[in-house]
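Visitor: Predicted coordinates and the sequence they were generated for:
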Amino acid sequence: MKLSIIIVNYNGRHFLDGCLKSIEKHITFPHEIIIVDNNSSDDSVQFINNKYPNVSLIESKQNLGFAQGNNLGVSRSMGEYILLLNNDTLLLSSITPVLSIAEKNSKIGLIGIKMIGVNNEYRYSTGHYPNLIRLLKFSLLYRKDGYFQKGNFPQDENKYYCTDWIEGSWMLTKRKIWDELGGMDKDYFMYVEDVDLCWRIKKLKYKIVFYPYASYLHYGGYGESRFHLLIAGFLKFHRKHSSNFYQLLLKIVLLIGITGRLSMNTLLSLRCKESFKKNLPYIVSIKEVFK
């Protein structure tokens, strides 16, 4: 089989129908769809079983998170290529050209495509590795140079653009590479596991590329309430890949950034309860730094 599509779902019933219909519309060659349900409390499982019986459903009895959920799904798959796809997405175009690019270029290890928002706006989905400067201001992590700034790439469907990492909501890779790496690092629960995967693929001398001539819509994204998960992810990344001295500098940089966010939220909040609620993710993030 050419392609296995892996979708990790947690309480995403309201997205699933659109996501699966878009796959039916835009992927016409033989493929399999595997959904890993992370112990949802909505009616996701019942909906899939009733409306999409041809989808392979794996019911986890606990929320494994994004990395372990994808690992479980891939372990039950058969495709030569693996597409990791968020449940809150819609394919907007055929992915046949994407597979063609991957097949023609043996040194491509992972591909991402153009991400579109709910208002048809171009969204950043690729970026630079998280060094100290970029972690002081997270917006610097994204590619915003040249064509990446507005997403207006010259029309050439044989062209692709090398980058450091691709966002995990849409990632296409080869099974042989996935197996060589052992999949995603299970120590990540949510966030930065995609950056880590790209880093390890590049260490194997493969390219991480962005192909802007296919696209998908992504409803979700990062929210401030999950800030502590992002911090935990960056800390894990540098524990794995950086020296002890660099990790110390990283903690100092992160503390400066978190303190700045705390101060700004406190100034903007009118009531104490609101201030505490808004600041809670940053307070938890400070605890992550000192773990």
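Guide: Sure thing, it's come through.

Visitor: Quick one, grab the pLDDT at the most centrally placed residue in the chain.
Guide: Residue closest to the average C-alpha location in the chain (CA atoms, centre = their mean): G168, at 1.9 Å. Reported pLDDT at G168 in the predicted model: 96.

Visitor: which residues touch it?
Guide: G168 makes contacts with F66, L84, N86, E193, D194, L197, as judged by CB atoms under 8 Å, 6 or more residues apart in numbering. C-betas here are computed from N, CA, C, even on glycine.

Visitor: does it count as helix, strand or coil?
Guide: coil (DSSP: H, G, I helix; E, B strand; the rest coil).

Visitor: And for K159?
Guide: Look at K159: counting by three-state DSSP, its state is coil.

Visitor: Spit out the contact partners of it.
Guide: F153.

Visitor: Could I get the average pLDDT for stretch 120-132?
Guide: pLDDT averaged over stretch 120-132 gives 96.

Visitor: Could you give me the buried positions within that stretch?
Guide: Y122, R123, S125, T126, G127, H128, P130 (16 or more other CB atoms under 10 Å).

Visitor: which residues does the fourth one bridge with?
Guide: Beta-bridge pairing of T126 under DSSP bridges involves I166.

Visitor: Check the contact between V195 and R134; I expect there is one.
Guide: No - counting by CB atoms under 8 Å, V195 does not reach R134; the two are 11.2 Å apart.

Visitor: So between these two, which is more surrounded?
Guide: Counted by other CB atoms under 10 Å, V195 and R134 do not tie: V195 has more neighbours, with 24 against 17.

Visitor: Report the secondary structure element holding the more buried one.
Guide: Following DSSP states H and E, one finds V195 within helix 193-203.

Visitor: so what does that helix touch, helix or strand wise?
Guide: Using 3 or more CB pairs under 8 Å, 6 or more residues apart in numbering; DSSP states H and E, the elements in contact with helix 193-203 are strand 108-116, strand 165-166, strand 170-174, helix 175-181, strand 207-218, helix 227-241.
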